[in-house]
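**Q** Using only what follows, build the 3D model:
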Amino acid sequence: MIAIMGASGATGGALLQSLAALGVPSRALSRDPDRLKAGLTYRTRPLVEPVAADADDPDSLRTAFQGVQQLFLTMANGPQQVEHELRAVDLAVRSGVEHIVKISAPAAEPDSPVAISRGHHRVEEHLRASGVTATVLRPYAFMQRLLLLAPGIAGAGFVHGTLGEARCNYVDCRDIGEVAAAALTRPGIAGGTYHLTGDRAYNHPELVALIGAVLGRPVRYVDLEPAELHAHLVRFAGMPDWLATHVLEIQRLAADRPERPDDTVARLLGRPPRTLEAFLGEHRELFN
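**A** Sure, this is the predicted structure:
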């Protein structure tokens, strides 16, 4: 049995769909399994077993891990992420899980300038020391997170940032889900560390030009000083301080370490990754 932590999230949900398309059953862990079940398609529902589990409740995890051989581990970024993931790894290993696929971050290093990436490094090291087979996926920015820009673009026609001309890699969560499914079903992939990107890296002027082309109207990029962007994200986007700081850290990282696409998704899946243009076209109505 394959268990999925974070099954309600973008990558976990994509993995559910990918495994179901392969005819592989899975156990979806959620604090609200009834809501998760209601969101499943009729094709996916017969292959998914929703189970109540909470990262703050070790007993619920022990129950959820019973009979599980493989675990997909992804949790939302946040102050308790490291604590929750370390606990999940320990309980999974004690429950007999033999293979864990973890969603990490590109700069998961002990001295990373991004605090959350330093946390991912801690979990990666703990996972590798646990004795189980560890597969680490290090995706770059999710295309799905660009949907958070939609209200500002629809209402005012511009995007804020502090990236200047720095380029960012974007990857579709559906591609991440398919790579995770491959790691869970193809033994030759298990045990590796994989950086995942789309087909090209964009700077913000190119990004807004592409959005404008998809929408058929101009969209502007407004470059701010870091302190200005932080204040904007907290005041107008409603972000907590730690998340606004995280956004600034990853934008600064992209400026300091030029990002380039690679061919990992194509090599593992045997097809090109989904493009940002196609993704934006699918969600055009949200930006209008």
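
**Q** now the helices for the chain?
**A** 10-21, 33-38, 58-64, 81-94, 115-129, 150-156, 173-185, 204-215, 226-235, 241-256, 264-269, 276-282 (DSSP state H).

**Q** got those as TSV, with distance to Ala107 columns?
**A** C-beta here means a position set from N, CA and C on the backbone, and glycine is covered the same way. Shown next, in TSV, are these (distance: least, CB to CB, whole Å):
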stretch	distance to Ala107
helix 10-21	18
helix 33-38	31
helix 58-64	28
helix 81-94	15
helix 115-129	4
helix 150-156	27
helix 173-185	17
helix 204-215	19
helix 226-235	18
helix 241-256	6
helix 264-269	16
helix 276-282	21
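
**Q** Could you export those as JSON lines, including mean pLDDT, distance to Pro46 and mean neighbour count?
**A** Formatted as JSON lines, the helices of the chain follow (pLDDT from 0 to 100; distance: least, CB to CB, whole Å; neighbours: other CB atoms under 10 Å):
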{"stretch": "helix 10-21", "mean pLDDT": "94", "distance to Pro46": "8", "mean neighbour count": "22"}
{"stretch": "helix 33-38", "mean pLDDT": "88", "distance to Pro46": "11", "mean neighbour count": "14"}
{"stretch": "helix 58-64", "mean pLDDT": "95", "distance to Pro46": "20", "mean neighbour count": "17"}
{"stretch": "helix 81-94", "mean pLDDT": "95", "distance to Pro46": "25", "mean neighbour count": "19"}
{"stretch": "helix 115-129", "mean pLDDT": "94", "distance to Pro46": "31", "mean neighbour count": "18"}
{"stretch": "helix 150-156", "mean pLDDT": "82", "distance to Pro46": "34", "mean neighbour count": "14"}
{"stretch": "helix 173-185", "mean pLDDT": "97", "distance to Pro46": "17", "mean neighbour count": "24"}
{"stretch": "helix 204-215", "mean pLDDT": "91", "distance to Pro46": "36", "mean neighbour count": "18"}
{"stretch": "helix 226-235", "mean pLDDT": "84", "distance to Pro46": "42", "mean neighbour count": "15"}
{"stretch": "helix 241-256", "mean pLDDT": "85", "distance to Pro46": "37", "mean neighbour count": "17"}
{"stretch": "helix 264-269", "mean pLDDT": "96", "distance to Pro46": "25", "mean neighbour count": "17"}
{"stretch": "helix 276-282", "mean pLDDT": "94", "distance to Pro46": "26", "mean neighbour count": "16"}
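
**Q** how about those helices, which one is nearest Thr193?
**A** helix 115-129 (8.2 Å; CB to CB).

**Q** Show me what that closest one is packed up against.
**A** helix 81-94, strand 99-103, strand 133-139, helix 241-256 (3 or more CB pairs under 8 Å, 6 or more residues apart in numbering; DSSP states H and E).

**Q** I'd like the domain boundaries of the chain, if you could list them.
**A** Listed by automatic domain parsing, the domain ranges of the chain are 2-139+172-196, 147-167+199-259+274-287.

**Q** For Thr74, which of the helices of the chain is the nearest?
**A** Closest among the helices of the chain, using CB to CB: helix 10-21, at 5.2 Å.

**Q** what sits up against the closest one?
**A** With CB atoms under 8 Å, 6 or more residues apart in numbering as the test, helix 10-21 has contacts from 2, 4-7, 25-26, 28, 40-41, 43-44, 47-48, 72, 74, 103, 139, 142, 144, 173-174, 176-178, 180-181, 184-185.

**Q** ditto for stretch 85-95
**A** 3, 5, 55, 58, 61-62, 65-66, 68, 71, 73, 75, 100, 102, 122-123, 126-127, 130-132.

**Q** just stretch 219-236 next, same as before
**A** So stretch 219-236 is in contact with 153, 157-164, 204-205, 207-209, 211-212, 239-241, 243-245, 247-248, 251-252, going by CB under 8 Å, 6+ apart.

**Q** hmm, 6 Å instead?
**A** Contact with stretch 219-236 is made by 153, 157-160, 162, 164, 204-205, 208, 211-212, 239, 244, 248, as judged by CB atoms under 6 Å, 6 or more residues apart in numbering.

**Q** Among the residues you listed, which pair sits farthest apart?
**A** Checking the contacts of stretch 219-236 with CB to CB, the most distant pair is Gly212 and Ala244, at 25.9 Å.
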